[in-house]
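*Asks:* here's my sequence, what's the structure:
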Amino acid sequence: MFRGKKFLFMALSLVLVVALAACSGSNSGGNKGSAESSGGQSQSASASKGEGGVDTSKFVKISYLVLGDKPTNGQFEKVFEKVNQLMREKINAELEWKWIEWADWQTKYNLTLASGEAIDLITIATDWLDTWNNAQRGAFMNIDDLLPTFAPRTWESIPPEDWDESKFNGKIVLIPENDFTQWVNHGIYYRGDWAKEAGINEPIKDFETLGKYFQYVKDNKQGVVPWDTQSGGVGPYIGFAQSYTDMLELPIGTGYLPVFHAKSYDEKYTATSPIFDDVFLKMATMTKEWADKGYWREDVLNYKGDTRSLLRAGLTAADQHHTQTYASLRVNMDKDQPGSELLMFPFSRTRGNLPELSITHGGTSVGAHSKNPERALMAYDLIRNDKEIYQLINFGLEGVQYEIKDGKRVLPDGYDEARDAYYSDFWGGRVDRFEIPSDTVWDGISTLYEEYDGYKEPYPYGRFIFDKSKIDAELTANSQVTGELGPAIVWGKAGDPAKAVEEFRAKLKAAGYDKAVEEIQRQLDEFKKLVEG
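*Replies:* Numbering: from 1, shown residues only. Presented below is the predicted three-dimensional model:
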């Protein structure tokens with residue numbers, strides 16, 4: 001869904017929001033040099049005053065917390081050598097990326113924020129990185145008074161209504177990624193060529209037709225797993241909730257499965273759960289049938305293989321993730337499996353259930369213990385508004401990581417993935433105006449965008465700041481239950497579906513589900529008063 005430069009293409013991301021209890025503890029490695037003065041550094045004469053006449057005579061290093069696995073081929077360092085040359089010239093500062101790697105990232109991220117470490121800039125997301133709970137724990141600095149002076153271009157470019165969604169207790173604690181077009185609604189990818197062979201000539205729009213496709217593959221494609229997958233994914237659960245109900249996932253994390261939803265867009269202030277709806281038993285029954293038919297491997301609960309690579313190798317017939325991934329994967333499949341015509345069944349297609357994505361699905365905060373918040377905001381203002389710095393951080397070095405051909409980024413001749421690949425995992429302030437179209441993005445993706453635009457609804461929970469303090473224990477206990485019993489039910493390995501669902505519901509009740517949903521409803525009622533006056 002396009003908002004142009006002022007609006008974000010949004011869709012409900014069913015990437016799991018993990019709610020974790022506040023943790024205390026020491027940081028094991030420390031933040032070496034983060035936001036500390038570094039003696040002996042020279043600066044240009046222009047840098048002594050910096051942009052806007054701000055005094056930048058003291059050289060500082062600015063840390064930026066990002067999520068991702070740190071690159072190991074040396075290209076990141078080469079790109080940032082150029083980035084920091086520009087940073088020194090403009091504001092007499094350098095950027096230092098601080099990586100939270102994907103292994104146990106939920107725990108590591110929250111522990112880092114709870115440690116009191118002097119981090120300057122922090123990647124945030126209100127719908128999957130527990131931002132509001134971290135704000136309640138005092139992890140972020142109020143930046144209302146700092147933004148106009150130290151990030152003036154960012155301050156002026158973001159409209160008041162978007163700043164309103166960036167406030168905690170009436171104060172701005174984050175900068176939203178509100179000017180970047182993306183779709184992160186989930187669905188199933190499947191091969192169009194094999195679907196046609198199966199007699200499926202229209203785009204798949206429900207799980208029943210998807211099952212017909214899988215059975216055809218099982219019967220006719222020797223050595224191919226219809227849907228090779230890992231049990232960490234929850235595609236059947238989020239798919240059924242979106243395809244067969246009007247429920248909207250609430251930004252309240254409960255581990256493996258997002259338990260708490262709103263009833264519908266029309267009843268968006270009424271708390272409920274797909275798990276206590278008939279749809280959950282319907283899903284469990286279907287996945288048990290699919291598991292028995294061999295639509296995925298027998299050891300799905302323990303399998304850790306790279307299923308996307310298997311799709312590209314022609315060894316599985318399906319994959320599951322969101323639209324942005326599909327846009328690139330289609331190009332890869334056209335090369336790896338010519339004629340495969342990879343298609344996507346977005347879960348929203350069944351009944352048009354598609355809220356937009358929050359503008360705070362990505363963003364940046366200033367750490368509460370930052371020693372140089374003013375310079376940190378100046379650095380952020382450059383990242384977001386200086387074209388050269390932005391494109392270096394997001395795309396790398398022209399001539400090494402990419403070349404421009406016919407207005408698109410293409411790989412240079414002689415490009416070697418292991419040697420030349422670069423990424424920064426910067427999701428804290430991307431903007432459409434500096435993006436360079438890539439030949440790795442399928443030109444036909446606009447067809448899906450147009451479909452979504454036909455039934456999207458505005459995201460209703462951008463200003464919903466959930467306070468879990470009164471039910472922290474219950475949410476933690478519910479998260480433990482979803483992690484213990486959820487995977488086996490979702491992937492049809494829990495025995496009799498009816499008995500498994502009954503046990504699951506009983507354990508959630510014993511873990512405090514009723515108390516939790518009562519408190520969530522109370523807060524939704526208060527939120528309704530705030531929104532509707």
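*Asks:* now the strands for the stretch 201-350 of the chain?
*Replies:* Counting by DSSP state E, counting those that start in this stretch, the stretch 201-350 of the chain has strands at residues 248-249, 261-262, 271-272, 318-322, 342-346.
*Asks:* who does the third one pair up with?
*Replies:* Sheet pairing here is set by DSSP bridges, and for strand 271-272 it gives strand 261-262 (antiparallel).
*Asks:* state the mean pLDDT of the strand it pairs with.
*Replies:* Mean per-residue pLDDT for strand 261-262: 98.
*Asks:* how far is it from where the chain is centred?
*Replies:* Taking Cα atoms, centre = their mean, to the nearest Å, one finds strand 261-262 lying 19 Å from the centre of the chain it belongs to.
*Asks:* can you tell me what sits against that strand?
*Replies:* 241, 247-250, 268-274, 460, 524 (Cβ atoms under 8 Å, 6 or more residues apart in numbering). C-beta here means a position set from N, CA and C on the backbone, and glycine is covered the same way.
*Asks:* cool, stretch 383-391 as well?
*Replies:* The contact list for stretch 383-391, computed with Cβ under 8 Å, 6+ apart, reads 83, 86-87, 90, 153-154, 157, 382, 393, 426, 429, 431, 434, 436.
*Asks:* give me the buried positions along that stretch.
*Replies:* For stretch 383-391, the neighbour count (16 or more other Cβ atoms under 10 Å) marks 383-386, 389-391 as buried.
*Asks:* need those in JSON lines with distance to Ala313, secondary structure and pLDDT, can you?
*Replies:* As requested, the buried residues of stretch 383-391 are exported to JSON lines (distance: Cβ to Cβ, whole Å; DSSP: H, G, I helix; E, B strand; the rest coil; pLDDT from 0 to 100):
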{"residue": "Ile383", "distance to Ala313": "38", "secondary structure": "helix", "pLDDT": "98"}
{"residue": "Arg384", "distance to Ala313": "39", "secondary structure": "helix", "pLDDT": "98"}
{"residue": "Asn385", "distance to Ala313": "42", "secondary structure": "helix", "pLDDT": "98"}
{"residue": "Asp386", "distance to Ala313": "41", "secondary structure": "coil", "pLDDT": "98"}
{"residue": "Ile389", "distance to Ala313": "38", "secondary structure": "helix", "pLDDT": "98"}
{"residue": "Tyr390", "distance to Ala313": "35", "secondary structure": "helix", "pLDDT": "98"}
{"residue": "Gln391", "distance to Ala313": "33", "secondary structure": "helix", "pLDDT": "98"}
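*Asks:* got JSON lines for those residues, with distance to Val173 too?
*Replies:* Shown next, in JSON lines, are these (distance: Cβ to Cβ, whole Å):
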{"residue": "Ile383", "distance to Val173": "19"}
{"residue": "Arg384", "distance to Val173": "17"}
{"residue": "Asn385", "distance to Val173": "21"}
{"residue": "Asp386", "distance to Val173": "24"}
{"residue": "Ile389", "distance to Val173": "24"}
{"residue": "Tyr390", "distance to Val173": "23"}
{"residue": "Gln391", "distance to Val173": "28"}
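*Asks:* so how far is Asp319 from the residue lying closest to Asn332 once chain neighbours are set aside?
*Replies:* Of all residues not flanking Asn332 in the chain, Arg312 sits nearest, at 5.9 Å (Cβ to Cβ, 6 or more residues apart in numbering). Between Arg312 and Asp319 the distance is 9 Å, computed by Cβ to Cβ, to the nearest Å.
*Asks:* and the two? Which one has more around it.
*Replies:* Applying other Cβ atoms under 10 Å to Arg312 and Asp319 shows that Asp319 carries more neighbours, namely 24 against 19.
*Asks:* how near is that one to Thr325?
*Replies:* Distance, Asp319 to Thr325, using Cβ to Cβ: 8 Å.
*Asks:* repeat for Asp496
*Replies:* 35 Å.
*Asks:* neighbour-wise, which one of the contacts of strand 261-262 leads?
*Replies:* Counting neighbours by other Cβ under 10 Å, Ala241 leads these with 28 neighbours.
*Asks:* who touches it in this structure?
*Replies:* 247, 249, 261, 274, 279.
*Asks:* isn't the fourth one up against Pro236?
*Replies:* No. At 11.3 Å, Pro274 and Pro236 do not qualify as touching, with contact defined as Cβ atoms under 8 Å.
*Asks:* distance check, the residue nearest to Asn332 against Pro338.
*Replies:* Distance, Arg312 to Pro338, using Cβ to Cβ: 12 Å.
*Asks:* where does the protein have low pLDDT?
*Replies:* Along the chain, the model assigns pLDDT under 70 to residues 1-52.
*Asks:* please repeat the previous calculation with a cut-off of 80.
*Replies:* Applying pLDDT under 80 to the chain flags residues 1-53, 106, 533.
*Asks:* what ranges do the helices span in the stretch 401-533 of the chain?
*Replies:* Secondary structure of the stretch 401-533 of the chain, counting by DSSP state H, counting those that start in this stretch: helices at 417-420, 446-453, 472-490, 497-510, 513-532.
*Asks:* whoops, I mixed them up, the stretch 251-400 of the chain
*Replies:* Using DSSP H, counting those that start in this stretch, helices in the stretch 251-400 of the chain cover 278-293, 307-312, 323-336, 373-385, 387-395.
*Asks:* return the most buried member of these.
*Replies:* When these are scored by mean count of other Cβ atoms under 10 Å, the highest mean neighbour count falls to helix 373-385 (a mean of 24).
*Asks:* and of the buried residues of stretch 383-391, the nearest to Ala135?
*Replies:* The closest of those to Ala135 turns out to be Arg384 (Cβ to Cβ; 21.2 Å).
*Asks:* gap between the two ends of stretch 157-168?
*Replies:* One end of stretch 157-168 sits 20 Å from the other (Cα to Cα, to the nearest Å).
*Asks:* and it, how far out from the chain's middle?
*Replies:* 20 Å.
*Asks:* go on, stretch 77-97?
*Replies:* Relative to its parent chain, stretch 77-97 has a centroid offset of 27 Å by Cα atoms, centre = their mean.
*Asks:* do stretch 478-489 as well
*Replies:* Stretch 478-489 has its C-alpha centroid displaced from the chain centroid by 22 Å (Cα atoms, centre = their mean).
*Asks:* what lies in contact with that stretch?
*Replies:* 18-19, 231-232, 234, 237, 253-257, 259, 284, 287, 301, 493-494, 497, 500-501, 503-504, 507-508, 511-513, 516.
*Asks:* out of the residues you listed, which are buried?
*Replies:* Here, 16+ other Cβ under 10 Å leaves 18-19, 231, 234, 237, 253-257, 259, 284, 287, 493-494, 497, 500-501, 503-504, 507-508, 511-513, 516 buried among the contacts of stretch 478-489.
*Asks:* list the contacts of Trp194.
*Replies:* By Cβ under 8 Å, 6+ apart, the contact set of Trp194 is 213, 216-217, 221, 317, 340.
*Asks:* how far away is it from Ala291?
*Replies:* Going from Trp194 to Ala291 by Cβ to Cβ gives 21 Å.
*Asks:* same question, Gln136
*Replies:* For Gln136, the distance to Ala291 equals 41 Å [Cβ to Cβ].
*Asks:* then Arg430?
*Replies:* Note on Arg430: its distance to Ala291, by Cβ to Cβ, is 39 Å.
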